[in-house]
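**Q** Sharing a model that was predicted from the sequence below.
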Amino acid sequence: MTQPDSGISLNWLLRLRWITVVAQTAAILVSLRLLPDELAPLPLLGLVALGALSNLALGWRLAQADPPGSSLPGLVLGLDILLLTGLLYLSGGPANPFTAIYLVHVTLAAVVMRGAWAWALGALAIAGFGLLFFWNVHVHSLAHMNHGEGGISLHLVGMWVAFAITAGLIAAFVGRVTEALRQRDEEVAALRDLSARHARLAALTTLAAGVAHELGTPLGTIAITAKELQHATEVLGLRDSDIPQDAALIRQEVDRCRRILDQLAGPSGSSPGEDFQALAWADLERDLLDGMSTEDRTRIAFNWPGDPCGAMPRRGLARALRAVLSNALEATPSPGLIQLRASRVKERWQLEVRDPGVGMSPEVLARLGEPFFSTKPEGSGMGLGLFLARTFAEQLGGELQVDSRVGHGTSVRLLLPEVLHA
């Protein structure tokens, strides 16, 4: 059975049921004045009181910290149908003009619940109305003419059949319309979220290009200084010292920084700005290990499939996976092993990074992927890695999935469409 958003449905039903209690009480009091000798007031008011008590219990349940079960709206509506059947049983059965209220409950069931729940509640209303033809407290003033004696007239049978058809059509039509509106709202919300992430990515792209431009000059100065230092050691005869090696290392790191800045100054490394190219798994592995320390390299286990990787945006894919691997390495105490596995799942490539680290709480998972959100100590990261990885996947028509539990590690899956395979 498919369920609705219980909190919204129940808060709405709570108010609606209080209105119903007041309306039912007023209707009974008016009927007692019009038909003083034909209705039993205490049983009728008792059923209304039972509905009010159940609503007090519902209000208490909604006030609790933990969310209610998704089936609770259906149970509440089922109780309301049973209470209405009891009220109609005591006040003339199918002859009571308020039998039309059954259709209100059927409509509410179609709006509030989905799928089998809506049909089950509709069937309960039809059954309750049908039972009233056989068992009810007769009220002479409400009786129909020409219904016959000693059995059910053709008119009453027609009433029940018409009610069943109407209830079924309401459940089907209103349910489909409500479901279509729900899906549309979910799609609009998803598009708004995607648009907001793209806007944040555009802002980050502008910032990255500016940073790359500003850092170009100091990096050039560092490279020239390191070269002069290396030359000076040769002139002074200090070739056997550690200074030449240190100067060479500085120049290597400057070259690496320049390559990174060249990527930042480009189209943000996003897949639409990067050509798709044939990529072997071995090439991707080299890209991922480039720049890592020796210790980190030994802590990553790659599991590549026999099928070729095909055509992919190499730079964007490597950047996205490096961000995930970096988080996994930091979350896993040494010498914990990180697993990276590639496989095909339902016509998509799945690249899964699994770590045995500390895991994440549900509260952290709910915010994972937001830009500038990080659980690392201040100054240890900007909180952009997973945001950029998710954006990369969505730009290709894929997605990023994260499963994690505190103390049980984390699994991050990057899913890319099969169309990328050559």
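**A** Arrived safely, thanks for sending.
**Q** Pull stretch 59-66 out as PDB, backbone CA atoms only.
**A** C-alpha atoms of stretch 59-66 as PDB (Å, rounded to 0.1, in the frame of the first residue of the first chain):
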ATOM      1  CA  GLY A  59      -4.400  15.100  19.100                       C
ATOM      2  CA  TRP A  60      -2.400  13.700  22.000                       C
ATOM      3  CA  ARG A  61      -0.600  11.300  19.500                       C
ATOM      4  CA  LEU A  62       0.300  14.200  17.200                       C
ATOM      5  CA  ALA A  63       1.800  16.100  20.100                       C
ATOM      6  CA  GLN A  64       4.400  13.400  20.600                       C
ATOM      7  CA  ALA A  65       7.900  13.800  19.400                       C
ATOM      8  CA  ASP A  66       8.100  10.700  17.200                       C
END
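**Q** can you pull the buried residues of the strand or helix carrying residue 47?
**A** Here residue 47 sits within helix 41-62, counting by DSSP states H and E. For helix 41-62, burial by neighbour count (16 or more other C-beta atoms under 10 Å) applies to 44, 47, 48, 51, 52, 54, 55, 58, 62. In short, each C-beta sits where N, CA and C put it, glycine included.
**Q** What of stretch 233-246?
**A** Across stretch 233-246, burial judged by 16+ other C-beta under 10 Å covers 233, 244.
**Q** So residue 326 sits against residue 385, correct?
**A** Yes: counting by C-beta atoms under 8 Å, residue 385 is a contact partner of residue 326 at 6.3 Å.
**Q** so where's the stretch 151-300 of the chain shaky on pLDDT?
**A** 151-162, 165-169, 171-176, 178, 194, 197-214, 216, 239, 259-275 (pLDDT under 70).
**Q** can you pull out the strands in it?
**A** Under the criterion DSSP state E, counting those that start in this stretch, the stretch 151-300 of the chain carries strands at the ranges 277-278, 300-303.
**Q** How about residue 349: what's its closest non-neighbour residue?
**A** Setting aside the residues directly before and after it, residue 349 is nearest to residue 416 in space (C-beta to C-beta, 6 or more residues apart in numbering), at 4.7 Å.
**Q** and that neighbour, which of the three is it?
**A** Look at residue 416: counting by DSSP: H, G, I helix; E, B strand; the rest coil, its state is strand.
**Q** Quick check: buried residues in stretch 306-319?
**A** So stretch 306-319, judged by 16+ other C-beta under 10 Å, has buried residues 309, 310, 312, 313, 314, 315, 316, 317, 318, 319.
**Q** what about it, how long is it end to end?
**A** By C-alpha to C-alpha, to the nearest Å, the extent of stretch 306-319 from end to end equals 23 Å.
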